[in-house]
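>>> here is a sequence with its predicted model. Questions after.
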2 protein chains.
Amino acid sequence: MKRDVDAQWNRLAVSKAARLERAGAIAQGKQVEPDAVVRLLEAVLEPGDRLCIEGNNQKHADFLSACLAKVDPQRVHDLHIVQSNIALPQHLDIFDKGIARDLDFSYSGPQGVRLANLVAEGKVRIGAIHTYLELYGRYFCDLTPRVSFIAAQSADREGNLYTGPNTEDTPAVVESTAFKNGIVIAQVNELVDKVPRVDVPSDWVNFVVRSPKPHYIEPIFTRDPAAITEIQILMAMMVIKGIYAEYGVTRLNHGIGFDTAAIELLLPTYAQSLGLRGKICTHMSVNPCPTLIPAIESGFVQSIHSAGSELGMEEYVAARPDIFFTGPDGSLRSNRVFCQLAGHYSDLFIGSTLQIDLQGNSSTATRNRMTGFGGAPNFGCDSRARRHTSDAWLKAGREASSNDAGAMPRGRKLVVQMVETFGEKMQPTFVERLDAWDLMQKFDMALPPVMVYGDDVTHIVTEEGIANLLLCRSAEEREQAIRGVSGFTPAGLARDARMVEALRARGVIRRPEDIGINPLHATRDLLAARSIKDLVRWSSGLYDPPKRFRNW
Amino acid sequence: MKRDVDAQWNRLAVSKAARLERAGAIAQGKQVEPDAVVRLLEAVLEPGDRLCIEGNNQKHADFLSACLAKVDPQRVHDLHIVQSNIALPQHLDIFDKGIARDLDFSYSGPQGVRLANLVAEGKVRIGAIHTYLELYGRYFCDLTPRVSFIAAQSADREGNLYTGPNTEDTPAVVESTAFKNGIVIAQVNELVDKVPRVDVPSDWVNFVVRSPKPHYIEPIFTRDPAAITEIQILMAMMVIKGIYAEYGVTRLNHGIGFDTAAIELLLPTYAQSLGLRGKICTHMSVNPCPTLIPAIESGFVQSIHSAGSELGMEEYVAARPDIFFTGPDGSLRSNRVFCQLAGHYSDLFIGSTLQIDLQGNSSTATRNRMTGFGGAPNFGCDSRARRHTSDAWLKAGREASSNDAGAMPRGRKLVVQMVETFGEKMQPTFVERLDAWDLMQKFDMALPPVMVYGDDVTHIVTEEGIANLLLCRSAEEREQAIRGVSGFTPAGLARDARMVEALRARGVIRRPEDIGINPLHATRDLLAARSIKDLVRWSSGLYDPPKRFRNW
């Protein structure tokens, strides 16, 4: 074999130089006027380019993607979009118009139905649906962007960027693009002489445009305590006493929802009464959820690292630098990569889901929507690369292997699903067969879209009790343990009552009374805050909730 | 429950300000003279501090850690060191002198014996041994550094840092420290007016000292092709034809060693003759190993992202920007976090080990040494958070579940152990019981230090053949499949010959001839390069091997 002597090894650099030259007349150095952005994109983008559009949980490069939807599809077409969150209409408009064709993403939330329709019409070709970390990993492997759109709070003249509290994916997007001769275009809310701190060095940024409107930010982690029910409070009590205290869980991640908000609001009251301060929930990988304020103020939570921020929490975070990761400017420094890593290797994840089958597989995927799961599968799986020990992880590992004396001992991550037996519109949560199977068929997917696999789940908590799947000795026991907490759903009614009682006798299933919890005590009086206004009070007025959450 | 109204929420910021004030007289702004560093450390550090010392695979903050070994133990003591690699004598001197007491780390390579002795003497208290990513994750959770020592190539007057090609852990270390009111001290090889590119913004750096000598860099990824044996070539042929081609493995990670170097050097010859160019090994997560040069030059490998660099490869990498991730200055931008992520979510990991037991558990841990495994467990485990599909991953998943019709289908990462049946000094690789069990007992560890767990391994390749553990239907079959490729080791001799033949008939075990490989063809003639000098030629003189590898 011979060396390919004619090979050219700098095609990307040559192509970048050509693109920058075409853009030269449109930009003043790095600065681009808002009304010149469509022309800039037509100059910089080439058909078939892989384009990364920053669309995070919260922060969106919305102006740039709106401009992209206005380019001439004769000039720019068949783009391959890589994007963590598809959240805004213009994210899909570009497919409708033929500007983009291929899509690799993580989560599509509100755009899930339209995305599904565009796929059916052949206007979107899905590469794959990823969790966040694997998508970022592929940015450095086989999905490296040619061009990236990012969003920041401010830029200085050289192009140094300040992201503000929502740094989120920006470092991963920029690094993968800038260091493979790609082009980084930033929209910023303001141009300043000096940025409050440098989140992205100017070296890494090619163009900066001041957006006519500040970038869109979604407040997705706010839950009003007023809407927390007594069933959720009962389940939260079981989680605190039956799982957190039992395993001594200090490092953990909470999913988004009223169930976990209930846990957070019981820490300063119920958990405190059990003497658990300093013993559970000391280190968290979560966004600054307002419902965490009372637990922070009462000294429960000691450290929080966040993937992104939450609207209204800016001043509170800045006033609590011992708890949060903040910059010299006082505002949060978030980073989704590190938050996902810390959470993946922590001792426990707890979250909710829409459906659970009798093997414990769960999914939020429903018919007609194509959504993805964001970071949940990464938090909600056993971390097989983990080698450091903790008491909680070792205890879970011992329980898992107690029936398999010959196996190599290892620890286990606690992965808890916390659900009511019936969900919205009285749909049973426990089902014989996940809707994910229909979705697979409908969209010709290789596998059903499962959020958390049954063999990764360790506990299922419902209003009927806790099923500890680690202690199950067979697939049949596992199924009955799940049926045994499935209440009056068809799956629950079909339980083998004798076997369920045997599992209860062994502690595989535990009812509230088995762990000393009287359901009558599960009242809203236990909540440290019963309204958004209470949260504002706890924060000494530092928390400034978005308008839609204010009713006073 | 009440809010703790007396709580102070900025203790870290207050403590940082006090430390910086004490250091004020010693530094000129951020600049510190080399002979003032010991005083600086005595001013900045406090007893019990958590200190992160940058010690990567390659790059070491060696001057700063040598200075630390000279501080007065009366003033600075009981430090808690968090450090990925313990590589240099001074990294342990500080424990010997009582300056440090606690240690959380990932890998100790050459210092493993001394570390074990210091633990036995009670001078080191080990928190835990981590893989890289989980250690970085804990920097953002419960092991956040108060002070960090890092190493860079150059700094400008403001303190912007240029790491050169060995960026490695620096971003993770600096971010976790700087954004939790910690103090970052950088040693640099030179002070310049303008850094060639900004790897760390000056905002994030508190002190800069020009080290009297450039920081130490270890060339640990260089393997001389002259030392590759024909047995290794035979095994490499089996891997290429029996695994890479079979599964269509495009995205992968290679461990360090002569075994994987043999694979790399067969790509342009043997793999090319099988028509595999463009079909396997196109995207890799590896450091720039010199033995990859022929595969790159012949158009096999299309993209490489690296955790760190390799001495002598600087000019070659700079001349191949389409392959590597490089900065505007031309040099490599490495980043261990992203490389470990990309590798974790890729389709295959292949590496070697010292011992494998009959359940497939493997370990490089040996008696009397306390080493850790660096990144191997992260690459060498099933990625249960993975949700995107690929043909290789789906095929492995189908093989794994073919005997379990009721299970939820999922993909599997290919994790291959490539070993000769006898290792150095004719020690058998296959053993009934890993030395890791003795190590656990000796050092009072909670679990035996296993590098790759048996249930994560999919294939074991030896000179006798390939054992595909995915296809095994029981623990007994698995054991016999392993014995069936264990050659003349006691474990191999104790095989059940009939069962092994039955496994071979089913394709669970495959001998070279079963996949059309004639062992007589496994000669050194197949290597694309047979010496370091050949590698230099392939590189058109761009590769500049360190002196120890030059024999001409």
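The structure has been received and is ready for your questions. On a predicted model such as this, the values are computed, not experimentally measured, just so you know. Numbering: from 1, shown residues only, chains lettered A, B, ... in the order given.
>>> which other helices and strands contact the one helix or strand residue A:149 maps to?
Here residue A:149, judged by DSSP states H and E, is contained in strand A:147-155. When contacts are defined as 3 or more Cβ pairs under 8 Å, 6 or more residues apart in numbering or on different chains; DSSP states H and E, strand A:147-155 sits against strand A:50-53, helix A:62-68, strand A:161-162, helix A:170-178, strand A:183-191. In short, each C-beta sits where N, CA and C put it, glycine included.
>>> in TSV: those, plus mean pLDDT, mean neighbour count and distance to residue A:11.
Listed next are the helices and strands packed on strand A:147-155 as TSV, based on pLDDT from 0 to 100; neighbours: other Cβ atoms under 10 Å in any protein chain shown; distance: least, Cβ to Cβ, whole Å:
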stretch	mean pLDDT	mean neighbour count	distance to residue A:11
strand A:50-53	98	27	14
helix A:62-68	97	24	24
strand A:161-162	98	26	28
helix A:170-178	98	26	16
strand A:183-191	98	23	15
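>>> walk me through the domains of chain A.
Here the domain parsing of chain A from automatic domain parsing is A:31-210, A:229-532.
>>> now these as TSV including distance to residue B:233?
Below are the domains of chain A laid out as TSV (distance: least, Cβ to Cβ, whole Å):
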stretch	distance to residue B:233
domain A:31-210	28
domain A:229-532	31
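>>> ok so, going back, let me have the helices and strands packed on strand A:147-155 in TSV, extended by distance to chain B.
Output for the helices and strands packed on strand A:147-155, formatted as TSV (distance: least, Cβ to the nearest Cβ, whole Å):
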stretch	distance to chain B
strand A:50-53	12
helix A:62-68	23
strand A:161-162	10
helix A:170-178	7
strand A:183-191	12
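>>> export the ones you listed to JSON lines and append columns for distance to residue A:412.
JSON lines is the format used below for the helices and strands packed on strand A:147-155 (distance: least, Cβ to Cβ, whole Å):
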{"stretch": "strand A:50-53", "distance to residue A:412": "35"}
{"stretch": "helix A:62-68", "distance to residue A:412": "41"}
{"stretch": "strand A:161-162", "distance to residue A:412": "41"}
{"stretch": "helix A:170-178", "distance to residue A:412": "29"}
{"stretch": "strand A:183-191", "distance to residue A:412": "41"}
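>>> tell me which of those lies nearest to residue B:425.
Nearest of the helices and strands packed on strand A:147-155 to residue B:425, taken as Cβ to Cβ: helix A:170-178 at 44.4 Å.
>>> distance of the residue most central in space within chain A from residue A:116?
In chain A, the C-alpha nearest the mean C-alpha coordinate belongs to residue A:375, at 3.9 Å (Cα atoms, centre = their mean). The spacing between residue A:375 and residue A:116, counted by Cβ to Cβ, to the nearest Å, is 22 Å.
>>> check residue A:154 too.
The gap separating residue A:154 from residue A:116 is 38 Å, by Cβ to Cβ.
>>> name the element whichever residue of the stretch 351-500 of chain A sits closest to chain B belongs to?
The stretch 351-500 of chain A approaches chain B most closely through residue A:388 (3.5 Å), counting by Cβ to the nearest Cβ. Per DSSP H and E: residue A:388 is located in neither a helix nor a strand.
>>> I'd guessed it sits against residue B:130; true?
Yes: assessed by Cβ atoms under 8 Å, residue A:388 is found in contact with residue B:130 at 4.6 Å.
>>> neighbours around residue A:394, how many?
By the measure other Cβ atoms under 10 Å in any protein chain shown, the count of residues near residue A:394 is 18.
>>> does the helix or strand harbouring it reach chain B?
Here residue A:394 sits within helix A:391-401, counting by DSSP H and E. Yes: counting by Cβ under 8 Å from any Cβ of the partner chain, chain B has neighbours in helix A:391-401: A:394, A:397.
>>> buried residues in that helix, which are they?
Using 16 or more other Cβ atoms under 10 Å in any protein chain shown as the burial criterion, the residues of helix A:391-401 that qualify are A:392-397, A:399-401.
>>> need those residues in a markdown table with pLDDT, can you?
Shown next, in a markdown table, are these (pLDDT from 0 to 100):
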| residue | pLDDT |
| --- | --- |
| A:392 | 98 |
| A:393 | 98 |
| A:394 | 97 |
| A:395 | 98 |
| A:396 | 98 |
| A:397 | 96 |
| A:399 | 96 |
| A:400 | 93 |
| A:401 | 87 |
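>>> picking up where we left off before, and after the helix holding residue A:394, which helix or strand comes next?
Using DSSP H and E, the helix or strand that follows helix A:391-401 in sequence is strand A:414-418.
>>> so which other helices or strands are in contact with that next one?
With contacts taken as 3+ Cβ pairs under 8 Å, 6+ apart, strand A:414-418 sits against helix A:230-239, strand A:348-351, helix A:391-401, strand A:459-462.
>>> can you pull out the low-pLDDT segments for chain A?
Within chain A, the set of residues satisfying pLDDT under 70 comprises A:1-6, A:403, A:405.
>>> in it, where's the longest helix?
The longest helix of chain A (DSSP state H) is helix A:11-24.
>>> what angle separates it from strand A:183-191?
Computed by axes from the mean of the first three to the mean of the last three Cα atoms, to 10 degrees, the angle separating helix A:11-24 from strand A:183-191 equals 40 degrees.
>>> quick one: buried residues of helix A:11-24?
In terms of neighbour count (16+ other Cβ under 10 Å), helix A:11-24 has its buried residues at A:12-13, A:15-16, A:19, A:23.
>>> get me the contact residues on the stretch 151-300 of chain A for chain B.
Residues of the stretch 151-300 of chain A found near chain B (Cβ under 8 Å from any Cβ) are A:160, A:171-172, A:175-176, A:178-181, A:197-198, A:201-204, A:250-251, A:268-269, A:272, A:282-283, A:285, A:294, A:297-299.
>>> report the buried members of the residues you listed.
Neighbour counting by 16+ other Cβ under 10 Å classes A:160, A:171-172, A:175-176, A:178-181, A:197-198, A:201-204, A:250-251, A:268-269, A:272, A:282-283, A:285, A:294, A:297-299 among these as buried.
>>> filter the residues you listed down to just the ones in helices.
Per DSSP H, the subset of these in helices is A:171-172, A:175-176, A:178, A:272, A:294, A:297.
>>> pipe those into TSV and attach distance to residue A:93 per row.
Putting these into TSV (distance: Cβ to Cβ, whole Å) gives the following:
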residue	distance to residue A:93
A:171	28
A:172	25
A:175	28
A:176	25
A:178	27
A:272	51
A:294	42
A:297	44
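>>> and the longest helix of chain A, what does it pack onto?
helix A:37-44, strand A:183-191.
>>> which residues does it contact?
For helix A:11-24, contacts defined as Cβ atoms under 8 Å, 6 or more residues apart in numbering or on different chains pick out A:8, A:40, A:43-44, A:46, A:180-183, A:206-207, B:321-322.
>>> determine which two of those residues are furthest apart.
Spatially, the most separated pair among the contacts of helix A:11-24 is A:8 and A:40, at 27.0 Å (Cβ to Cβ).
>>> more crowded one of those two?
Applying other Cβ under 10 Å to residue A:8 and residue A:40 shows that residue A:40 carries more neighbours, namely 21 against 8.
>>> check the gap between the closest residue to residue A:101 other than its chain neighbours and chain B for me.
Spatial nearest neighbour of residue A:101, excluding adjacent residues (Cβ to Cβ, 6 or more residues apart in numbering or on different chains): residue A:78 at 4.6 Å. From residue A:78 across to chain B, the span is 21 Å (Cβ to the nearest Cβ, to the nearest Å).
>>> in the stretch 1-150 of chain A, what residue comes closest to chain B?
Counting by Cβ to the nearest Cβ, the stretch 1-150 of chain A gets nearest chain B through residue A:128, at 3.4 Å.
>>> and that residue, how many neighbours does it have?
20.
>>> follow-up on the earlier one: check which helices and strands the next helix or strand after the longest helix of chain A is in contact with.
Next in sequence after helix A:11-24, counting helices and strands by DSSP H and E, comes strand A:31-32. Packing partners of strand A:31-32 (3+ Cβ pairs under 8 Å, 6+ apart): strand A:207-210.
>>> which other helices and strands contact the strand it packs on?
strand A:31-32, helix A:37-44, strand A:183-191.
>>> out of those, which gets nearest to residue A:498?
Closest to residue A:498 of those is strand A:183-191 (Cβ to Cβ; 63.7 Å).
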